[in-house]
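**Student:** Model the structure of this input:
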Amino acid sequence: QEKGEQFAMMKKLLAVVLCWGLLFAAAPAARALTVEPATDRTFDLPCQAAILIDEDSGTVLYEKNADEQRPVASITKVMTLLLTFEAMEEGRIRADDLVPVSEHAYHMGGSQIWLEPGEQMTLDDMLKAICISSANDAAVAVAEYIGGTIQGGVDAMNQKAAALGLANTHYMNPHGLHDDDHYTTARDMATITRWALSVPGFEEIFCRTDPWTMAPTNKQPQERVFHCTDWMRISGDYYRTYAKGSKNGFHDQALTTFVNYAEQNGVRLISVELKCQMLEDKFRDACAILDYAFENFSRVEIPAPAEAFQVPVVGGGEALGNALVQPQSATALLNKNLTTDGITVDYQIPDRYVLGQPFAASVTYSLPENDYQPSALGSATLSVSGVSE
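**Tutor:** Next up is the predicted model:
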């Protein structure tokens with residue numbers, strides 16, 4: 001028992017030392033950016049893979065090796081948080097629920113907040129620990145809570161990835177510690193983050209910069225304080241007013257990973273940087289591509305044709321009249337070196353509408369090949385009206 005008490009005291013002292021280390025690490029040294037802002041789409045960020053998308057439409061503004069499967073470390077936790085907030089929205093769990101800590105969570109290792117077996121924390125505290133302090137032990141406890149078991153939680157993560165159509169994503173755990181079968185891509189990571197931002201509650205915690213003080217629990221009498229360590233949202237050369245939210249990660253195989261949410265003048269962007277060599281590199285790369293995007297992209301309107309498309313309606317072997325498919329205007333982020341005159345608007349309208357059969361009409365917007373942004377601007381489904389008449 002005496003040895004156990006000594007071990008517990010050593011853990012707490014180590015936790016204090018680590019917390020002080022994090023506080024000092026959060027203050028970046030003053031230095032100049034080593035990468036010039038991007039000048040066009042051919043600009044090559046030093047990180048191994050990256051993507052930049054318009055949060056509103058999902059349109060890709062920049063990409064590099066965006067479909068290569070890679071380990072991503074703790075940005076895995078974006079999916080863990082996403083599933084938890086969806087479960088809260090559905091009413092299956094609540095923010096004030098007490099979440100128990102299992103032996104498995106206790107022995108997780110990596111970044112953690114030193115939870116004890118049998119300890120109970122509110123789900124709200126667990127989520128803040130996951131997002132702000134990247135706590136692996138809290139991530140396991142939450143995955144077990146929403147999935148019944150750790151495997152149930154991981155299965156839910158893979159099911160969600162499949163539902164989002166992410167063929168290049170597979171999870172083996174809720175925290176991101178390395179496993180050869182645990183991977184995603186920059187493109188999939190951007191899609192996950194975009195979906196997460198649409199779930200009530202996620203954006204608030206993802207964008208939190210204020211410290212969070214967790215109350216004592218049934219196992220630990222002291223308060224614990226969590227601090228934001230995103231230099232883009234704190235101070236220094238990498239500070240950006242447009243930086244709103246982020247999650248970072250690191251382990252030896254993934255190196256440094258980063259996902260960001262940024263907003264300026266109504267333009268909302270998501271960037272992902274994978275396998276940055278050094279801690280500082282993720283901030284440098286994110287600043288370089290986001291600075292460039294906010295300087296060079298603006299939202300433009302793509303007008304729709306004035307008249308609707310008439311589609312013959314048939315049923316019972318005879319023509320019944322015409323239904324209407326109404327064209328839609330759209331908006332897109334366009335590089336300042338391009339104009340809307342070069343945008344191609346392609347409507348896919350069926351020749352006829354057979355009553356009782358599925359009806360599919362859509363429009364696709366694209367640019368000619370250019371040096372400033374990918375050609376695909378997006379697509380939208382169109383509805384048919386006048387069928388009842």
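**Student:** Pass me the low-pLDDT residue ranges in the stretch 101-250 of the chain, would you?
**Tutor:** Counting by pLDDT under 70, the stretch 101-250 of the chain contains no low-confidence residues.
**Student:** Give me the neighbour count for E86.
**Tutor:** If you count neighbours by other C-beta atoms under 10 Å, E86 ends up with 19. For the C-beta atoms, the positions are set from N, CA and C on the backbone; glycine is no exception.
**Student:** what's the answer for the one 5 residues further on, then?
**Tutor:** Here the count is done by other C-beta under 10 Å, and G91 has 7 residues near it.
**Student:** Report the separation between it and P200.
**Tutor:** 12 Å (C-beta to C-beta, to the nearest Å).
**Student:** would Y365 count as being in a helix?
**Tutor:** No - assigned with DSSP: H, G, I helix; E, B strand; the rest coil, Y365 falls outside any helix and is strand.
**Student:** Apart from its chain neighbours, what residue comes closest to it?
**Tutor:** With sequence-adjacent residues excluded and distances taken as C-beta to C-beta, 6 or more residues apart in numbering, Y365 is closest to L377, at 4.0 Å.
**Student:** Would you confirm that that neighbour contacts V363?
**Tutor:** No - contact between L377 and V363 fails when scored by C-beta atoms under 8 Å: they sit 10.7 Å apart.
**Student:** Okay, buried residues for the helix or strand that contains the residue nearest to Y365 please.
**Tutor:** Taking DSSP states H and E as the criterion, L377 maps to strand 376-382. Residues of strand 376-382 classed as buried: L377, G378, L382 (neighbour count, 16 or more other C-beta atoms under 10 Å).
**Student:** A293 versus the first one, what's the distance?
**Tutor:** Same thing as L377. Distance from L377 to A293, by C-beta to C-beta: 15 Å.
**Student:** So what would you say the end-to-end distance of stretch 305-312 is?
**Tutor:** Taking C-alpha to C-alpha, to the nearest Å, stretch 305-312 runs 19 Å from one end to the other.
**Student:** quick one: it to chain centroid distance?
**Tutor:** 38 Å (C-alpha atoms, centre = their mean, to the nearest Å).
**Student:** Quick one: mean pLDDT over that stretch.
**Tutor:** Stretch 305-312 carries an average pLDDT of 88.
**Student:** outside of that stretch, which residues touch it?
**Tutor:** 319, 321-327, 347, 349-353, 361, 384 (C-beta atoms under 8 Å, 6 or more residues apart in numbering).
**Student:** Closest one to I192 out of the residues you listed, please.
**Tutor:** Lowest distance from I192 to the contacts of stretch 305-312 (C-beta to C-beta) belongs to A361, with 28.9 Å.
**Student:** circling back to that earlier point, take the contacts of stretch 305-312 and keep only those in strands.
**Tutor:** If you go by DSSP state E, those have A319, G321, N322, A323, L324, V325, Y347, Y353, A361, V384 in strands.
**Student:** quick one on the thing from earlier: can I get the buried residues of strand 376-382 in CSV with distance to K336?
**Tutor:** Output for the buried residues of strand 376-382, formatted as CSV (distance: C-beta to C-beta, whole Å):
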residue, distance to K336
L377, 15
G378, 19
L382, 30
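**Student:** Turn the residues you listed into CSV, including distance to E369 and pLDDT.
**Tutor:** Listed next are those as CSV, based on distance: C-beta to C-beta, whole Å; pLDDT from 0 to 100:
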residue, distance to E369, pLDDT
L377, 13, 91
G378, 17, 88
L382, 26, 89
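**Student:** Just give me the closest of the contacts of stretch 305-312 to N168.
**Tutor:** A361 (29.4 Å).
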